[in-house]
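Participant: need a structure here:
(chains A and B)
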Amino acid sequence: MADSTFWPKGYRCAVVLTVDYNDIHGILTQAPEVAGRDKTLSVWRYGTQRGVDRLLGLFEELSVRSSWFVPGIVAEENPEHIRAIQAGGHEIACAGYRHQHYDTLDLQQQSAEIARGCEALKALTGQRPTGFRIPAGNGAPGFIEALRDQGICWSSSWRGDDLPFAHPTAHDVIELPLHYELEDEPYFAFNLSPAVPPAQSRIASYSHTLGNLQMDFAGFHRFGLCYVLRLHPEIIATPGRIGVLRELLQSIQQHDDVWIATGADVAQWWAESAPPVAEDHPASVYERHYRDYLL
Amino acid sequence: MSSSPQPTWPDQHKACLALAFDLDGPTGDAMLNGSIWHKPEYFGFGGYGPYRALPRILDLLDEFRIPTTFFVPAWVVENWPKQCQAIVERGHEVAYHGYKHESFYALTLEQQKDVMKKSREVFWKHLNIRAEGFRTPSGDWRAETPAMLVEAGVTYSSSMRGDDRPYLVNVPGFETPLVEIPGRWEMDDYASLAYTRAPDFPSGLDRTASYELTLDNWCREYDGAMNEGLCLTTLFHPKITGKPGRILLLEKLFEHMRQRDDVWFATCRDVAQWWLKEHHHG
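Facilitator: Numbers count the residues shown, from 1 in each chain, chains lettered A, B, ... in the order given. You can find the predicted model right below:
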């Protein structure tokens, strides 16, 4: 029934817990007008104030490792948090230096972001990160090659697959694709003014969201796929929602054939074990076409 | 007000289910305006449909023996021919859905004809078929579209929303009417489950619905339509309901649907042929 038998012996599917730790820099990119508005900024500062600790506590309680994407500036402003994440045995990966919308940057600027972000993290952790996630927007043509040239061997910014894949333009960069249904933000992010989400939607039902995430997991497990959860400390790590995450992770842990691993571990396994990316993979099809249209 | 009598269905079936998917892949507005070529993330979101979701949906349809219609933009057939050939090989129907999911309301008559001609060539080249059905991509069509469709060899459309039974559309200049098999937004998975950022869908980034409650909605629409003896079709999308978790939702829906033995499960093409035979006495 599983599509693949690509995982380490004994495992049917992989689960990668990723956390985007942006502090106030994410909302400042999304809505620059909130600069100087303390109440609004505090909605996102809650992650640093309360969420990171609570999330680390849950991961420790459940003995799971995770991968944290951190812009260099957030790490520099919150060095104790970075040390706590590292001390918990988690992976620290890069999200550039400033939290930026990459559609507004050219390749040279994007490359400079990768370099400066990685340097800032290395200065704090002693290790150069090997994973990268674009905080918002898309990489320019040549971006994946730029990641490779700076020692990045896994990326988690694309969609289009539910297994990892080797990028067609740089085979040694492994993509761990994202899924909107595995993100906390679409269900729970909320602010009154400026309105987040723009429709001023009601906050989703916690128990139904848990139900959705569990059903998604059941599908990823059945087909033997890679379940990449994308969390934000200020969104998921409230006193009520942390219980939703606990129930989700506990239900996942009831299976003894689930490989819960960091992005770096999953990417390394994939690089060593998996077949090359297919000709009709969405990333390959994109690669064949885009030059005809970008003039 | 309803003027036609209670629909009748083949072999004393009480009602009809014409399951249908729109296999849009990455086609649509972002491809038509070129912005998708700056957005590999969004391209991948769409490409997932033909590449990953479709094969699993075909397995599920085999399991439940549900003949299904796939409305496919021809660009998707050109780029994922192997996956699209499998639709035909496994006994389902492929029908027209534009070349890159053009809104026919936004095209001149000549442009509409060009899209149909191109689609016809692609379907013949890669699938060795002549399609009979058409579902208008995103939005409306123009007054001259029905005649253009009939001229292009189309016998039925599944584009409108205003009824829950098929009906005949008389096309001036043609003896045989066009059959319309209307869909309903209630049975469109975009209305409950689709979510993307940049481009934002829904436009205000409203919440994704509960899978459990969505299943309940769909089951109630099915039950109601079958109890009234009608024809229900769906506007499902592999990139939305063919995701790993939502495949399980489809599985539960199909289990529910298959509990009845008084329902005719048919492709839209078979429904159109039946309707024409029953209601057109030229």
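
Participant: with only the CA atoms kept, save stretch B:82-99 in PDB.
Facilitator: Written as PDB, here are the backbone C-alpha positions of stretch B:82-99 (Å, rounded to 0.1, in the frame of the first residue of the first chain):
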ATOM      1  CA  LYS B  82       1.700   9.000 -18.900                       C
ATOM      2  CA  GLN B  83      -0.500   9.900 -16.000                       C
ATOM      3  CA  CYS B  84      -3.300  11.100 -18.200                       C
ATOM      4  CA  GLN B  85      -3.100   8.000 -20.400                       C
ATOM      5  CA  ALA B  86      -3.800   6.000 -17.300                       C
ATOM      6  CA  ILE B  87      -7.100   7.800 -16.900                       C
ATOM      7  CA  VAL B  88      -8.300   6.400 -20.200                       C
ATOM      8  CA  GLU B  89      -6.700   3.000 -19.800                       C
ATOM      9  CA  ARG B  90      -8.500   2.500 -16.600                       C
ATOM     10  CA  GLY B  91     -11.900   3.100 -18.100                       C
ATOM     11  CA  HIS B  92     -12.500   6.700 -17.200                       C
ATOM     12  CA  GLU B  93     -13.400   9.700 -19.400                       C
ATOM     13  CA  VAL B  94     -11.200  12.700 -20.300                       C
ATOM     14  CA  ALA B  95     -13.000  15.800 -21.300                       C
ATOM     15  CA  TYR B  96     -12.100  19.400 -22.300                       C
ATOM     16  CA  HIS B  97     -11.100  22.100 -19.800                       C
ATOM     17  CA  GLY B  98      -9.200  24.600 -21.900                       C
ATOM     18  CA  TYR B  99      -5.600  24.600 -22.800                       C
END
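
Participant: isn't residue A:212 up against residue A:181?
Facilitator: Yes. The pair residue A:212 / residue A:181 is scored as a contact, 6.7 Å apart, by Cβ atoms under 8 Å. Using the backbone N, CA and C atoms, a C-beta is placed for each residue, glycine as well.

Participant: need the overlap of contacts for the two.
Facilitator: Common contact partners of residue A:212 and residue A:181 (Cβ atoms under 8 Å, 6 or more residues apart in numbering or on different chains): B:208, B:245.

Participant: could you check which of those two has the larger neighbour count?
Facilitator: Legend: neighbour count by other Cβ atoms under 10 Å in any protein chain shown for residue A:212 and residue A:181, higher for residue A:212 (24 against 21).

Participant: tell me the secondary structure for the more buried one?
Facilitator: helix (DSSP: H, G, I helix; E, B strand; the rest coil).

Participant: pull the contacting residues for it.
Facilitator: Taking Cβ under 8 Å, 6+ apart as the test, what residue A:212 contacts is A:181, A:187, B:208, B:210, B:211, B:245.

Participant: just flag the most distant two among those residues.
Facilitator: The two members of the contacts of residue A:212 with the most space between them (Cβ to Cβ) are A:187 and B:245, at 13.7 Å.

Participant: before we move on, the earlier item: can you lay out the contacts of residue A:212 as JSON lines showing secondary structure?
Facilitator: Formatted as JSON lines, the contacts of residue A:212 follow (three-state DSSP):
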{"residue": "A:181", "secondary structure": "helix"}
{"residue": "A:187", "secondary structure": "helix"}
{"residue": "B:208", "secondary structure": "coil"}
{"residue": "B:210", "secondary structure": "coil"}
{"residue": "B:211", "secondary structure": "helix"}
{"residue": "B:245", "secondary structure": "helix"}
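
Participant: show the buried residues in those residues.
Facilitator: Buried members of the contacts of residue A:212, scored by 16 or more other Cβ atoms under 10 Å in any protein chain shown, are A:181, A:187, B:208, B:210, B:211, B:245.

Participant: closest to residue A:253 among the residues you listed?
Facilitator: residue B:245 (18.2 Å).

Participant: quick check: closest non-adjacent residue to the closest one.
Facilitator: Leaving aside its sequence neighbours, residue B:245 sits nearest to residue A:216 (Cβ to Cβ, 6 or more residues apart in numbering or on different chains; 3.2 Å).

Participant: if I've got this straight, the one you found is in a helix?
Facilitator: Yes. Per three-state DSSP, residue A:216 lies within a helix segment.

Participant: residue ranges for the strands of chain B, please.
Facilitator: Ranges of strands in chain B, per DSSP state E, are B:15-18, B:20-22, B:69-72, B:93-96, B:133-134, B:156-157, B:167-169, B:178-180, B:231-233, B:263-265.

Participant: among those strands, which comes closest to chain A?
Facilitator: Minimum separation from chain A across the strands of chain B (Cβ to the nearest Cβ) falls at strand B:69-72, 15.1 Å.

Participant: about what we covered before: what would the buried ones among the contacts of residue A:212 look like in JSON lines with pLDDT?
Facilitator: What follows is the buried ones among the contacts of residue A:212, written out as JSON lines (pLDDT from 0 to 100):
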{"residue": "A:181", "pLDDT": "98"}
{"residue": "A:187", "pLDDT": "98"}
{"residue": "B:208", "pLDDT": "98"}
{"residue": "B:210", "pLDDT": "98"}
{"residue": "B:211", "pLDDT": "98"}
{"residue": "B:245", "pLDDT": "98"}
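
Participant: let's have these in a markdown table, adding distance to residue A:46.
Facilitator: Listed next are the buried ones among the contacts of residue A:212 as a markdown table, based on distance: Cβ to Cβ, whole Å:
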| residue | distance to residue A:46 |
| --- | --- |
| A:181 | 24 |
| A:187 | 17 |
| B:208 | 23 |
| B:210 | 26 |
| B:211 | 29 |
| B:245 | 29 |
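
Participant: still on that earlier bit, please work out which of the strands of chain B is packed deepest.
Facilitator: strand B:69-72 (a mean of 30; mean count of other Cβ atoms under 10 Å in any protein chain shown).

Participant: and it with chain A, contact?
Facilitator: No. Shown here: strand B:69-72 not in contact with chain A (Cβ under 8 Å from any Cβ of the partner chain), separated by at least 15.1 Å.

Participant: how about the single longest helix found in chain B and chain A, any contact?
Facilitator: For chain B, the helix reaching the highest residue count under DSSP state H is reported as helix B:109-127. No. Counting by Cβ under 8 Å from any Cβ, chain A is not contacted by helix B:109-127; separation bottoms out at 12.8 Å.

Participant: what residues of that helix count as buried?
Facilitator: Residues B:112, B:115, B:116, B:118, B:119, B:120, B:122, B:123, B:126, B:127 are the ones in helix B:109-127 that count as buried (16+ other Cβ under 10 Å).

Participant: and which of these is nearest to chain A?
Facilitator: Taking Cβ to the nearest Cβ as the measure, residue B:126 is the one of the buried residues of helix B:109-127 closest to chain A, at 12.8 Å.

Participant: OK, contacts around the closest one?
Facilitator: Taking Cβ under 8 Å, 6+ apart, we find residue B:126 in contact with B:77, B:78, B:81, B:84, B:85.

Participant: narrow these to those that are buried.
Facilitator: B:77, B:81, B:84, B:85.

Participant: show me the residues you listed that map onto helices.
Facilitator: Per DSSP H, those map to helices at B:77, B:81, B:84, B:85.

Participant: adding pLDDT, write these out as TSV.
Facilitator: Listed next are these as TSV, based on pLDDT from 0 to 100:
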residue	pLDDT
B:77	98
B:81	98
B:84	98
B:85	98
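
Participant: quick one: which of those is nearest residue A:56?
Facilitator: residue B:84 (47.5 Å).

Participant: these two touch, right, residue A:44 and residue A:22?
Facilitator: Yes. Judged on Cβ under 8 Å, residue A:44 makes contact with residue A:22 at a distance of 7.4 Å.

Participant: nearest to chain A among the buried ones among the contacts of residue B:126?
Facilitator: residue B:81 (8.5 Å).

Participant: distance-wise, check the closest one relative to residue A:279.
Facilitator: Distance of residue B:81 to residue A:279, given as Cβ to Cβ, to the nearest Å: 11 Å.

Participant: cool, residue A:224 as well?
Facilitator: Separation of residue A:224 from residue A:279 (Cβ to Cβ): 22 Å.
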